[in-house]
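*Asks:* Based on what follows, work out the 3D shape:
(chains A, B, C and D, ligands or ions: 4)
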Amino acid sequence: MIHFEGVSKIYEKQLALKEITLSIEKGELVFVTGPSGAGKTTLLKLIYAHERPDKGRLVVGDYDLSVITQKEIPLLRRMIGIVFQDFRLIDTKTVFENVAMPLRIRGLSDRDLKDFVFDSLRLVNLRHKIEAYPPTLSGGEQQRVAIARAIVAEPQILLADEPTGNLDPENTKAIMDIFKEINARGTTVVIATHNPDLYTHSGRRVFKLQEGSLTGVEVL
Amino acid sequence: MIHFEGVSKIYEKQLALKEITLSIEKGELVFVTGPSGAGKTTLLKLIYAHERPDKGRLVVGDYDLSVITQKEIPLLRRMIGIVFQDFRLIDTKTVFENVAMPLRIRGLSDRDLKDFVFDSLRLVNLRHKIEAYPPTLSGGEQQRVAIARAIVAEPQILLADEPTGNLDPENTKAIMDIFKEINARGTTVVIATHNPDLYTHSGRRVFKLQEGSLTGVEVL
Amino acid sequence: MSTGYSFRFAFESLKKDFWINVIAALSAGVGLFLVAILSITFYSINSVTKKLPEKFTIILYLKDNTPADEINKLLTDLKNNSMVKSARLITKDSALNELKKRLKDSSFLVEGLDENPLPDSVEIRLSSEAVEKALLKDFIKELRSISYVDDVDYGEELMESIVMIKKTVETSGIAFMAVILTGIVFNFYTTIKILFYRRKEEIETFKLLGASGGFIRAPFLIEGSAIGIAGGLVASFMLFGLTQVFGLLSQRLPFIASLNIQPYMLSFLIILPLSGALLGVAGAFLSIGRIRY
Amino acid sequence: MSTGYSFRFAFESLKKDFWINVIAALSAGVGLFLVAILSITFYSINSVTKKLPEKFTIILYLKDNTPADEINKLLTDLKNNSMVKSARLITKDSALNELKKRLKDSSFLVEGLDENPLPDSVEIRLSSEAVEKALLKDFIKELRSISYVDDVDYGEELMESIVMIKKTVETSGIAFMAVILTGIVFNFYTTIKILFYRRKEEIETFKLLGASGGFIRAPFLIEGSAIGIAGGLVASFMLFGLTQVFGLLSQRLPFIASLNIQPYMLSFLIILPLSGALLGVAGAFLSIGRIRY
Ligand SMILES: Nc1ncnc2c1ncn2[C@@H]1O[C@H](COP(=O)(O)OP(=O)(O)OP(=O)(O)O)[C@@H](O)[C@H]1O
Ligand SMILES: Nc1ncnc2c1ncn2[C@@H]1O[C@H](COP(=O)(O)OP(=O)(O)OP(=O)(O)O)[C@@H](O)[C@H]1O
Ligand SMILES: [Mg+2]
Ligand SMILES: [Mg+2]
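*Replies:* Numbering: from 1, shown residues only, chains lettered A, B, ... in the order given. Ligands and ions are numbered 1, 2, ... in the order given. Here you go, the predicted structure:
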């Protein structure tokens, strides 16, 4: 599903990823870990074409991201659900509208998208905040809205960047259960995190990054 | 230093804090914990007068926050250093300028503030990112800049809202060591978090919130 | 992409920042109003000066005893000339009568004359196209060369000032219009740029969620056109107010009746909101710029 | 609070969004330029119409054989009247000479007269303050009542049109200025509002860090005044360009020499940037609004 072949990414003078080669298969759930600034977010950004690789070859689904056209990018992104590290909620829209957005972008009508949105918000335990605006939510609530938005359109790939950084242990467990279930239904899931509690004893592959280099892949 | 007496806070229809009574003494280091949406951030916002209590009495230092005037609020805030849950860095200013801001607000000149800024950034391990702009930093790096800014002016009170949510275990430990040292030098420190690793075996008082109520105070 | 949603989105956001949008619409309205009154003023001045040459007259003084058929031939020739609007023979007798009238109380001066000392003359009125100075000079030279024409009187000064007025009005009118239009375009641009700055983050997020360019632009374009239409209505309203003021004034000052807008009012009520909408859409389009992923 | 820092802050942010600031300055410049040429136009038209009444003349026809000392007394009286700019006796002889000149080639008409049939007359020119219609009517009534005045000729029509022109110019000039000024204020407001929207978050953060109102406002005010000054310079530059164009035009069209700006150019070079700075500071102040913690 996702194939990095010697991919490097350099921001101005900062080398963020160095010759990364890895493959994530369809239906896998994997973790990316490493200390702050190791390149986890950059790796995810490459997958959804927010950044372009400076070297190497990167294939996501049917798209070769070194040669992807402007017209194809929205199509690529519609097969991916993303939990951004900084949430990226739209402050001027209600929680309902925020979560509905990926469905609207896919052309669903009000009537068709309603149930999906409600289901998704119920999963993250925020059905009661449907009318609230993001700035009036607590940090953890915002993070859960971001998660609901990422899963609502049942994407082929789910990228979650530090998805539990603002969540208490209980909520963290609930979210991880959701990710596992979505994965069981066939979605490829990539979770970037530095919380070892998430991946220890998970039985999944964990990619370890250190200063932009892939230093190891372990099943923990 | 900080005294809540039956303080309640209601956002429109949402009850965020219910009759909170607690005291934090000068020179203490305490934790506030509780699940997502429990009211941790709200409690901190009351202390720095971002929100006003709807009921009860709240005294911070020499200021009674129920009757504080517009003119006094900046003075109150200058005795407090804050790590915001959403960082609140200024995207159009370099890391240096962001960290220097509290000192500029206090009227220090370029020459006088330089060393403080460098020291503070060295403490959070970001001396090399001095010229970078916040949007080009990783999540954890942004969080560390926010911490550097909060401590640079050696405030009487330090409020840290989920200060390690984006940090790996190693960085988390380093930051906690900084907080302890600052506290040892006399600063009152309040840390809101749901990461039990921070407060278990800390030997400090932990205030537990649940749906806006103070459900317990323990030394863990 | 559901258009219904785009509309809802646009109107929600119009409502959300109601006052900034009201200001934007008012600002656009003032701009459109200025363009409107400028074009009206320009148009009226132009149509006034267009009529001026008709009032410009050339007098041919004929030699004594010019045969009647020569005179008739001259008149027919002149009438066939495209520059000439009318040509009229003034006999020496009617010229004398006119002079008497003009002298009024002093007409006793000419009362006692035995013989009429005045010549026959032909009064030529030029059509409006004949303003071109060089052409006119040629024409007058030609007239002078006719053997039985004694003298040609054509008010050189008057003609020069007419040409000048026309040029001045045209040049300064166009310059003024250009300046005002530039101002309006800038104004629209800055106005819509506000909308853009307010939503920069949102647009970035939409792109990351896989929205197409059309999906992102639609609400902006709708919003821009709504503001433009509102501005157009404001301008129409101001224009209507102006006609009322003019109506009141023109009763006391018949002078300004020439700037009457009333007959065009209906077309302005359509044109102004329409061009407001166009400007709004164009401004929104420009201020969003190219959407690059 | 370190002022040096406020300046640095302001200029960094001016640089950061260079193009939006250029547009803001150009927009302000166009606005100021419009105000400038409007006030110049208004001023020139006003000074032209102000001089019109001086050209307005009343002629008193005196009865035959009015004694010389009565005439002298009348002249002194008139000269002491504040409405009168000058009063001049035109004897019947000079009147006849003038008539002869006016008749030109036809002067033979009066050549043969034995006796001068014309009366003595007094030509009165009015000072510019005398435009008030009612006053003038009274004055003329008074003149008529003088026993040895035969008739008063005062071109009622001309006077009426002068009054009308003045009123029209004044009314429409003020209305036009008001509209343009409204537009400019709106424009400035929206322009500065962009600065504000761009920094809303920053301002909020500054407040939370304990910044005083002055600390927050200072860079904005500096930025606003810098944009305003730039706008003023743009306007001066445009005005200078216009004087050049006028200079070129007026060689071919002496007509428009009355709109000469050159002599005021230097004051505009000071006034425009200054009022730009004032507007900029005022706009910034307004757009930040009250700072509430
Ligand atoms: N401005 C606001 N308007 C309305 N409701 C608000 C506002 N701010 C917070 N709330 C609500 O008040 C409750 C407490 O919020 P608070 O931010 O204090 O929680 P928290 O303990 O910090 O949670 P987290 O760990 O998720 O950050 C939440 O349910 C939240 O939705
Ligand atoms: N747009 C950018 N321009 C310049 N440097 C950047 C940019 N984005 C990231 N970087 C740098 O690249 C490095 C990797 O950043 P990245 O965000 O991928 O780290 P991360 O592993 O996600 O860290 P964290 O756990 O703190 O979020 C960091 O040193 C960061 O400062
Ligand atoms: Mg990251
Ligand atoms: Mg919180």
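*Asks:* And residue 214, what's its pLDDT?
*Replies:* Looking at chain A here, since you left the chain open. For residue A:214, the pLDDT comes out at 96.
*Asks:* oops, chain C please
*Replies:* With respect to pLDDT, residue C:214 scores 90.
*Asks:* and what of residue C:99?
*Replies:* At residue C:99, the model reports a pLDDT of 69.
*Asks:* Checking stretch A:179-195 against chain B, do any of its residues make contact.
*Replies:* Yes. Using Cβ under 8 Å from any Cβ of the partner chain, we find that stretch A:179-195 touches chain B at residue A:194. C-beta coordinates here come from the backbone N, C-alpha and C atoms, glycine included.
*Asks:* Check whether that stretch comes near chain C.
*Replies:* No. Stretch A:179-195 stays clear of chain C (Cβ under 8 Å from any Cβ), getting no nearer than 15.8 Å.
*Asks:* which residues in chain A form strands?
*Replies:* For chain A, the strands defined by DSSP state E cover A:2-11, A:14-24, A:29-33, A:55-60, A:63-64, A:80-83, A:157-161, A:188-192, A:205-210, A:213-219.
*Asks:* In JSON lines, list those strands along with distance to ligand 1.
*Replies:* JSON lines is the format used below for the strands of chain A (distance: least, Cβ to the nearest ligand atom, whole Å):
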{"stretch": "strand A:2-11", "distance to ligand 1": "30"}
{"stretch": "strand A:14-24", "distance to ligand 1": "29"}
{"stretch": "strand A:29-33", "distance to ligand 1": "23"}
{"stretch": "strand A:55-60", "distance to ligand 1": "32"}
{"stretch": "strand A:63-64", "distance to ligand 1": "36"}
{"stretch": "strand A:80-83", "distance to ligand 1": "15"}
{"stretch": "strand A:157-161", "distance to ligand 1": "17"}
{"stretch": "strand A:188-192", "distance to ligand 1": "19"}
{"stretch": "strand A:205-210", "distance to ligand 1": "26"}
{"stretch": "strand A:213-219", "distance to ligand 1": "31"}
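*Asks:* right, so of those, which gets closest to ligand 4?
*Replies:* Among the strands of chain A, the nearest to ligand 4 by Cβ to the ion is strand A:80-83 (17.7 Å).
*Asks:* can I get the strands of chain A in TSV with mean neighbour count and distance to residue C:196?
*Replies:* Converted to TSV, these look like this (neighbours: other Cβ atoms under 10 Å in any protein chain shown; distance: least, Cβ to Cβ, whole Å):
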stretch	mean neighbour count	distance to residue C:196
strand A:2-11	18	26
strand A:14-24	18	30
strand A:29-33	24	35
strand A:55-60	18	31
strand A:63-64	15	30
strand A:80-83	26	24
strand A:157-161	24	27
strand A:188-192	25	32
strand A:205-210	19	37
strand A:213-219	13	40
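*Asks:* how about JSON lines for those strands, with distance to residue A:45 added?
*Replies:* JSON lines is the format used below for the strands of chain A (distance: least, Cβ to Cβ, whole Å):
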{"stretch": "strand A:2-11", "distance to residue A:45": "8"}
{"stretch": "strand A:14-24", "distance to residue A:45": "9"}
{"stretch": "strand A:29-33", "distance to residue A:45": "12"}
{"stretch": "strand A:55-60", "distance to residue A:45": "11"}
{"stretch": "strand A:63-64", "distance to residue A:45": "15"}
{"stretch": "strand A:80-83", "distance to residue A:45": "9"}
{"stretch": "strand A:157-161", "distance to residue A:45": "9"}
{"stretch": "strand A:188-192", "distance to residue A:45": "10"}
{"stretch": "strand A:205-210", "distance to residue A:45": "13"}
{"stretch": "strand A:213-219", "distance to residue A:45": "16"}
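*Asks:* Compare those strands and report which one is nearest to residue D:198.
*Replies:* Closest to residue D:198 of the strands of chain A, according to Cβ to Cβ: strand A:2-11, at 24.2 Å.
*Asks:* Among the strands of chain A, single out whichever gets nearest to residue B:82.
*Replies:* Nearest to residue B:82 among those is strand A:157-161; the distance by Cβ to Cβ comes to 24.7 Å.
*Asks:* In terms of secondary structure, what does the closest one contact?
*Replies:* Applying 3 or more Cβ pairs under 8 Å, 6 or more residues apart in numbering or on different chains; DSSP states H and E, we find strand A:157-161 packed against helix A:40-47, strand A:80-83, helix A:139-151, helix A:169-184, strand A:188-192.
*Asks:* relative to strand A:29-33, how tilted is it?
*Replies:* Put simply, strand A:157-161 runs at 30 degrees to strand A:29-33, going by axes from the mean of the first three to the mean of the last three Cα atoms, to 10 degrees.
*Asks:* on that earlier part again, export the helices and strands packed on strand A:157-161 to JSON lines and append columns for mean pLDDT.
*Replies:* Formatted as JSON lines, the helices and strands packed on strand A:157-161 follow (pLDDT from 0 to 100):
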{"stretch": "helix A:40-47", "mean pLDDT": "97"}
{"stretch": "strand A:80-83", "mean pLDDT": "97"}
{"stretch": "helix A:139-151", "mean pLDDT": "96"}
{"stretch": "helix A:169-184", "mean pLDDT": "94"}
{"stretch": "strand A:188-192", "mean pLDDT": "98"}
